[in-house]
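dropping a prediction and its sequence here:
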Amino acid sequence: MALRRRRKRSFAWVNRPPLFVLLSQGMLARPAWLMALLVMFFGVILARPSEVHAQTATFHLHSEASTTSGLLQLTTAGPDAPSAAVISIALRNKQPGEFLIKAFDTPAGVPGLSGTIPVGSTLSFTLWMRKTADFGNMAPKAKVYLNNATGSLLCIGTATVALTTTLTPFTFSCTTTSDVTMAAADRVYLWVGIQLTAKPGNNVVQAELDIEGTLDGATDSKIIVPLPGAPGPPAISS
C-alpha cells in the first residue's frame, strides 16, 4: 500500500502543467512589489534613447589654424592661448545683411559619433563680441553645419541684443528644425558673424569676436552642441 501511494504521488507530479502554462493562465500569484519592480526596470530601458539624445559637447573657439584652409579650430579643449580679437571686414557704407567674422571647424572625425540629432535639439552660443565704433546697428549671429557651409544645417541663431563698443558675452540659442544624420567622420562647422540691421553710413566700423583667454573667463567664446544618439527603432505599422 505504501508503494502504491508513492507511485500515485509521482504520477500526479508528472502530470502537472508546466510552469510557463501556469504563468500564462495566471495561476501563480504575482506580488505587487514584483510587478512594480518590472515596471520600473522597463521604464529605465525605454528611457535610454532620450538620455542619449540629451548628451552634449562644449566646443571652444581657438586662434590656431584649422587643417581646413582659412578656418580656425573648434575643439573641446579649453583656451590655450592669450585672448585674441578677430575682426570682420570694414562695414563702411555696407547695406543691411549678414557678414562673416570668422568660421571654425572641429578636427577631422570630431565628435566621432554616428547617429541622429533629433528635431528640436538646442544649440547654445556664448560669444564675446563688440563693435569697434558706435556706428550702425548689428547683432551677433551664428550658424552650425556639418563639415562646411554647404553641409547639413543644424540651425541658425541671432542674438536679440545689439553690439555696443563694450566687449560683452552674448548668450543665445537655436534649435534644429529637422532630424540631422551625422556620420563618424563628420566635423562640426561654425559660422560666426553679425546681422547688420542699420547701415553705418560713411563711417569706419567693424565687428569684433574675442576668443581664447582663460577657461570660462572673459573672451572664452564657446558653443554647446547636441551629440547624435543611435537611430530609434523602425516604426511598426499595424
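Done, it's in.

pLDDT of stretch 172-188, averaged?
Averaging pLDDT along stretch 172-188 gives 97.

now do stretch 57-73
Rounded mean pLDDT across stretch 57-73 is 98.

list the buried residues in it.
59-63, 66, 68, 71-73 (16 or more other CB atoms under 10 Å). (Each C-beta comes from the backbone N, C-alpha and C, glycine too.)

same check, this time on stretch 214-231
So, applying 16+ other CB under 10 Å, buried residues of stretch 214-231: 219-223, 225-229.

now do stretch 126-137
126-132, 135-136.

state the pair within these that is farthest apart.
Using CB to CB, the buried residues of stretch 126-137 span at most 25.5 Å, a distance reached by Thr126 and Phe135.

out of the buried residues of stretch 57-73, which is nearest to Met182?
Using CB to CB, those come closest to Met182 at Phe59, 14.4 Å.

residues in contact with the residue nearest to Leu215 when sequence neighbours are not counted?
Nearest in space to Leu215, with sequence neighbours left out and distances taken as CB to CB, 6 or more residues apart in numbering, is Gly78 at 4.0 Å. Residues in contact with Gly78 (CB atoms under 8 Å, 6 or more residues apart in numbering) are 60, 215-216, 220.

tell me where this protein has strands.
56-65, 72-75, 84-87, 97-105, 115-117, 122-131, 137-146, 153-158, 168-175, 180-182, 188-198, 207-211, 222-226 (DSSP state E).

what mean pLDDT does the third one get?
Model confidence over strand 84-87, given as mean pLDDT, is 98.

identify each buried residue in it, please.
In strand 84-87, counting by 16+ other CB under 10 Å, buried: 84-86.

quick one: list the elements packing against that strand.
strand 97-105, strand 207-211 (3 or more CB pairs under 8 Å, 6 or more residues apart in numbering; DSSP states H and E).

hey, which of these is tucked in deepest?
Highest mean neighbour count of the helices and strands packed on strand 84-87: strand 207-211, a mean of 23 (counted as mean count of other CB atoms under 10 Å).

how about low-confidence regions in the protein?
In the predicted model of the chain, residues 1-54, 230-238 satisfy pLDDT under 70.

how about a cut-off of 90?
1-54, 229-238 (pLDDT under 90).

next, give me the two most distant ones among the buried residues of stretch 57-73.
His60 and Thr68 (17.0 Å).

which residues are in contact with Asp220?
So Asp220 contacts 60, 78-79, 126, 128, 211-214 (CB under 8 Å, 6+ apart).

His62 touches Thr76, doesn't it?
No. Judged on CB atoms under 8 Å, His62 makes no contact with Thr76 at a distance of 10.6 Å.

count of residues packed around Thr168?
17 (other CB atoms under 10 Å).

try Ile89
Residues near Ile89, counting by other CB under 10 Å: 12.

contacts only, for it.
Here Ile89 is in contact with 99, 206 (CB under 8 Å, 6+ apart).

how close does it sit to Thr164?
20 Å (CB to CB, to the nearest Å).

check Ile117 too.
34 Å.

same thing with Asp220?
20 Å.

ok, back up a step: can I get the helices and strands packed on strand 84-87 in a markdown table including distance to Pro169?
Output for the helices and strands packed on strand 84-87, formatted as a markdown table (distance: least, CB to CB, whole Å):
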| stretch | distance to Pro169 |
| --- | --- |
| strand 97-105 | 15 |
| strand 207-211 | 9 |
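
please verify my assumption that Ser124 contacts Ile223.
Yes. Judged on CB under 8 Å, Ser124 makes contact with Ile223 at a distance of 6.7 Å.
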